[in-house]
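> Here is a sequence with its predicted model. Questions after.
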Amino acid sequence: MDVMIVTLLLGFLLALFIVIPRLFQSDPGKNVQSDSKSKASKMYAKAEVSLHNKRTDCWIIIKDKVYDVTPYVEEHPGGDAILAHAGDDSTDGFFGPQHATRVFDMIDDFYIGDLAK
């Protein structure tokens, strides 16, 4: 009986840890693209993005959106692969089979603007 009560209590606490953070999200149904558009957009020329092509200053373009991924370079599970297209279009690499779906949730944290046409 005690084991059942402890199990139910742990299950309830686990459910709270999952549900409560979602209650405080501003828009739980948002996706990468819609969240990017909700931020104030700055326009960047491709020439400007191309200057940010180093480990210590790394911007990438994904579907005409510009992301400053400098803080993530050292954490990137693929090592220096993220630098292969630093300062350039990384759309193909980003949507490659090597990425888990969580990258689609976290990329918006690095969004800084749109690519000028």
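Noted; the coordinates are in hand.

> count of residues packed around L51?
By the criterion of other CB atoms under 10 Å, L51 has 11 neighbours. Yep, even glycine has a C-beta here, placed from its N, CA and C like the rest.

> worst-scoring helix or strand of this protein, pLDDT-wise?
None of the helices or strands of the chain scores lower by mean pLDDT, DSSP states H and E than helix 32-38, at a mean of 45.

> Neighbouring strands - and their directions - for whichever helix or strand comes after that helix?
Sequence order places strand 43-44 as the next helix or strand after helix 32-38, per DSSP states H and E. Applying DSSP bridges, strand 43-44 is found paired with strand 111-115 (parallel).

> chain center to the partner strand: distance?
In terms of CA atoms, centre = their mean, to the nearest Å, the centre of strand 111-115 is found 13 Å from the chain centre.

> and that strand, which residues are buried?
For strand 111-115, the buried set under the neighbour-count rule, 16 or more other CB atoms under 10 Å, comprises Y111, I112, G113, D114, L115.

> Residues touching it, excluding its own?
Residues outside strand 111-115 that contact it (CB atoms under 8 Å, 6 or more residues apart in numbering) are 35-36, 39, 41-46, 49, 59, 61, 64-68.

> Weed out the non-buried ones from those residues.
Listed as buried from those are D35, S36, Y44, V49, W59, I61, K65, V66, Y67, D68; burial here means 16+ other CB under 10 Å.
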